[in-house]
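J.: the following comprises the amino acid sequence and a computationally predicted model.
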Amino acid sequence: MTLDFQQIREQVKALGEKAPAREQELRELYDLAYNVFHANANEVEYLRQRVKQVVDQFDPFVRCALPVAESLDSHFPPPDLPREATILAADGSQISPDRHAAVDFCLINVGAVKMRLGVVEPPSLSVSSRLFYDLDLYTPGGLMTDASLALMRDFNERKMLAELASGSPPPVITFTDGQMELWGRFGEGLAAAEFQKHLDQYLQVLKHLCKLDVISAGYVDKPAANHVIRLLEAALLPETELPKFRESFPLRGVKDLNIFSALLAPGERSAIFELQSRSASYYRNSLSLHFFYLNVGRDDRPWLARVEFPAWVAEHENKINYLHAVLIDQCRIVGSRPYPYLLHRAHELALVSLEEKRQVENMITLELHQQGLAIGEISQKKALKEGARKKRYLR
């Protein structure tokens, strides 16, 4: 037994006793957020200035939504699909370094799917597999970490999309899973110089996608963000409390989904928002990041996603319409589990199974043996774990 279920049972019981009161509190907070949202729906310029005041005077790292032009409570039905279009989706997976293994290596695997609307032809599949071994495992900050490998994976996803988009018939719509903002923090396995290097490479590939006039987006399934709620908190707090904005969360527990699930009918998108964040200074001009919420569900079960895209997409109504229409169509292909079909296929291509990882380890080991070189040993910790696992299976 690895868990003390008696302790867990007592904690679950305490959780249950507090849950009704917390549920009532959340309902009241939701009602407050909903009222603030609609009361300020047309105050686009006021809200932008309010956030600017917070950023300039009190919290330069605030992370929230900025209204752009449309009223906050705007909602738009799905446009018609373009008659012809090229749709591209990419996803990646990784094998992280394992110091307990007999051989040191890591791997990035990226899968991409290309589909043509209005053309009768099957989707085309692409896979790019990159092995890191020996000196490849070192970065300016030292031995490669999960964080640095994840940054490289994100870059490689966009790079593959740019390569496949080049020469493809327009309009070209591309999407990856997750946010477009390159996520990484100094001190979390990343040196400042290393993060900056990856960021510069990533921004270059975004600029290339912009030059190709590609409609590029990131799809966030079941988002837990409170970007719009944080905007409402900036509007809700009195002037005297703005200096404490970083520590003030009058709507804590309410998510953007609570607002937009009630606002958006199936197939509808929300207003477009700009993302105010610590990294906004990196994503400037045509690269500045924007998003809308999208209800990809059905009448009996709404399901929201957040769709992120750069300014070169946000500034053109036809590009937004193409992206909106294609994502709704992609999610309907899957059926009762709405998620973009091509992203699902790209994930299947990119996923590296445990058996495939073992095959790579065996390939490296065999090659080193054939070269007459010594092979390392697994750690004692790993050996004991595997021994215990085998005993359990034999019982």
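T.: Alright, I've got the coordinates.
J.: now for Ala112: which residues touch it?
T.: Ala112 is in contact with 88-91, 125-128, 157, 160-161, 164, 346, 349, counting by C-beta atoms under 8 Å, 6 or more residues apart in numbering. Using the backbone N, CA and C atoms, a C-beta is placed for each residue, glycine as well.
J.: the helices in the stretch 51-200 of the chain, which residues?
T.: With DSSP state H, counting those that start in this stretch, the ranges of helices along the stretch 51-200 of the chain come out as 146-165, 192-211.
J.: returning to what we had before: which one among the contacts of Ala112 gets closest to Lys255?
T.: When the contacts of Ala112 are ranked by distance to Lys255 (C-beta to C-beta), Asp91 comes first, at 24.9 Å.
J.: run a quick neighbour tally on the residue nearest to Arg252 when sequence neighbours are not counted.
T.: Excluding the flanking residues, the one nearest Arg252 by C-beta to C-beta, 6 or more residues apart in numbering is Leu29, at 7.7 Å. Residues near Leu29, counting by other C-beta atoms under 10 Å, number 17.
J.: most tightly surrounded among the helices of the stretch 51-200 of the chain?
T.: With neighbours defined as mean count of other C-beta atoms under 10 Å, these peak in mean count at helix 146-165, which reaches a mean of 21.
J.: what's the neighbour count on Ser74?
T.: Burial of Ser74 is recorded as 17 neighbouring residues (other C-beta under 10 Å).
J.: let me redo that: Arg301
T.: Residues lying near Arg301 (other C-beta under 10 Å) number 9.
J.: for it, grab phi and psi.
T.: phi -150, psi 90 (degrees, to the nearest 10).
J.: from Ser336, how far out is it?
T.: As judged by C-beta to C-beta, to the nearest Å, Arg301 and Ser336 stand 8 Å apart.
J.: give me the longest strand you can find in the protein.
T.: Across the chain, the longest stretch assigned as strand under DSSP state E is strand 105-117.
J.: in its sheet, what does that one sit against?
T.: As defined by DSSP bridges, the strand partners of strand 105-117 come to strand 85-95 (antiparallel), strand 124-133 (antiparallel).
J.: in TSV, list the helices of the stretch 51-200 of the chain along with mean pLDDT.
T.: Output for these, formatted as TSV (pLDDT from 0 to 100):
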stretch	mean pLDDT
helix 146-165	91
helix 192-211	90
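J.: now do the host helix or strand of Gln7: which elements does it pack against?
T.: Per DSSP states H and E: Gln7 is located in helix 5-39. Applying 3 or more C-beta pairs under 8 Å, 6 or more residues apart in numbering; DSSP states H and E, we find helix 5-39 packed against helix 227-236, helix 256-263.
J.: what is the very next helix or strand once past the last one packed up against?
T.: If I follow you right, that is helix 256-263. Sequence order places strand 269-270 as the next helix or strand after helix 256-263, per DSSP H and E. With contacts taken as 3+ C-beta pairs under 8 Å, 6+ apart, strand 269-270 sits against strand 75-76, strand 289-295.
J.: got the buried residues for stretch 251-270?
T.: Going by neighbour count (16 or more other C-beta atoms under 10 Å), the buried part of stretch 251-270 is 251, 254-260, 263-264, 266-270.
J.: Met180: neighbouring residues, count only.
T.: By the criterion of other C-beta under 10 Å, Met180 has 26 neighbours.
J.: use 48 as the first number from now on
T.: In the new count, where the first residue is 48, that last one comes out as Met227.
J.: which residues touch it?
T.: 263-265, 336, 355-357 are the contacts of Met227 under C-beta under 8 Å, 6+ apart.
J.: pLDDT wise, what is it at?
T.: Met227 carries a pLDDT value of 93.
J.: look up how far Gly265 lies from it.
T.: Met227 is 4 Å from Gly265, where distance means C-beta to C-beta.
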